[in-house]
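1. attaching a predicted model along with its sequence, questions to come.
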2 protein chains.
Amino acid sequence: MKLTSAEWHVMNALWQDWPATAREIEARLPEEVAWAYTTTRSVLARLEEKGAIKEYKRSNVSFYEPILTRRKARMAALQSVVGEAFEGAFGPLVHFLVEEEALSEGERQKLTDALEGREEEGADNDSDVE
Amino acid sequence: MKLTSAEWHVMNALWQDWPATAREIEARLPEEVAWAYTTTRSVLARLEEKGAIKEYKRSNVSFYEPILTRRKARMAALQSVVGEAFEGAFGPLVHFLVEEEALSEGERQKLTDALEGREEEGADNDSDVE
DNA sequence: GACATGCTGCTAGGTGTGTAGTAGACTTAC
DNA sequence: GTAAGTCTACTACACACCTAGCAGCATGTC
């Protein structure tokens, strides 16, 4: 499932912690996203239609929960960009990353470590749905 | 400069070889892109408006050349996805790639090699504008 | 129970994107 | 020079997306 830019903002906010009300989500949006409250609601409604989130009510207030996991959304986003821009394979993407020196020294190091399988466990564990 | 999906198709075709006519570009589009000729032209027109390509005529026929380089387009695409989906940093993206084992064994090997700076030269050299 | 506040449902308008058609100009073959 | 084919310029339309407003219902407080 591919997300639009506005949808990413909302999903990122929701993945932080859920269930969450629209107001809570709104409060977690990055500063540069200065939407009207109703805009947040509209995006939430679309996400629910798409099946990315679930909505339920407790006494007239809507609570939201993610259905789509962050992992799956990331995978879809990457697959899309790889398909369009990197001949459909992850290899060229990785090649590009290294070539372009888009990575800081620390990032390179972490990557090397990860590739060699001596990853430190526990730290920075992406909490995710499921 | 961010490209849309249709624009990527056309740019990929144009980067292959240029200058190229609309007919040549059309012929290079992937099979699953079964556009009417006029659709290709419309996308080309939009790309020209955006400044991604340049158009010139020789006796009533338009030839096209890229202005936007593949590298820059790729960078923009990555930056966009990283901004939306990976907290704005390449680190988490790389981490994700490795964790997800999105890479084949060969790709991992190439990546390791590249990180250690013993890249084989010459092979698979992305020809690019400029 | 009337009022303020806050939430929901519904609606809407502008812009981007994908896709394509039509009309007219030009080119080439006879 | 006329017919057939090809090209361009211009226009169009549907759908997705971003953004938001409005009206009405629920809830709590005095």
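-> Alright, I've got the coordinates.
2. what's near enough to touch the residue in chain A positioned nearest to DNA strand C?
-> In chain A, the residue that lies nearest DNA strand C is residue A:62 (3.1 Å; C-beta to the nearest atom of the strand). Placement of C-beta: from N, CA and C, glycine included. For residue A:62, the contact set (C-beta atoms under 8 Å, 6 or more residues apart in numbering or on different chains) comprises A:21-22, A:44, A:55-56.
3. of those, grab the buried ones for ChimeraX.
-> To isolate the buried members of the contacts of residue A:62 in ChimeraX, using 16 or more other C-beta atoms under 10 Å in any protein chain shown:
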select /A:22,44
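4. by contact count, what packs against the top helix by length along chain A?
-> For chain A, the helix reaching the highest residue count under DSSP state H is reported as helix A:70-85. Secondary structure elements in contact with helix A:70-85, counted by 3 or more C-beta pairs under 8 Å, 6 or more residues apart in numbering or on different chains; DSSP states H and E, are helix A:5-16, helix A:90-99, helix B:5-16, helix B:70-85, helix B:90-100.
5. burial of residue A:93, as a residue count?
-> By the criterion of other C-beta atoms under 10 Å in any protein chain shown, residue A:93 has 24 neighbours.
6. pLDDT-wise, which helix or strand of chain A ranks last?
-> helix A:105-115 (a mean of 71; mean pLDDT, DSSP states H and E).
7. hang on, the earlier thing: list the buried residues of the longest helix of chain A.
-> For helix A:70-85, by 16+ other C-beta under 10 Å, it's A:70, A:73-75, A:77-78, A:81-82, A:84-85.
8. same question, stretch A:10-24
-> Residues A:10-15, A:18-20, A:22, A:24 are the ones in stretch A:10-24 that count as buried (16+ other C-beta under 10 Å).
9. same deal with stretch A:24-33?
-> Buried residues in stretch A:24-33, counted by 16+ other C-beta under 10 Å: A:24-26, A:28-29.
10. likewise for stretch A:49-57?
-> The neighbour-count check on stretch A:49-57 (16+ other C-beta under 10 Å) flags A:52-53 as buried.
11. list the contacts for residue A:6?
-> Residue A:6 sits next to residue A:43 when contact means C-beta under 8 Å, 6+ apart.
12. quick one: it from residue B:76, how far?
-> Residue A:6 sits 19 Å away from residue B:76, going by C-beta to C-beta, to the nearest Å.
13. and for residue A:66?
-> Residue A:66 is 28 Å from residue B:76, by C-beta to C-beta.
14. chain A against DNA strand C: which residues are in contact?
-> When proximity is defined by C-beta under 7 Å from any atom of the strand, chain A lies next to DNA strand C at A:21-23, A:37-38, A:41-42, A:57, A:60-62.
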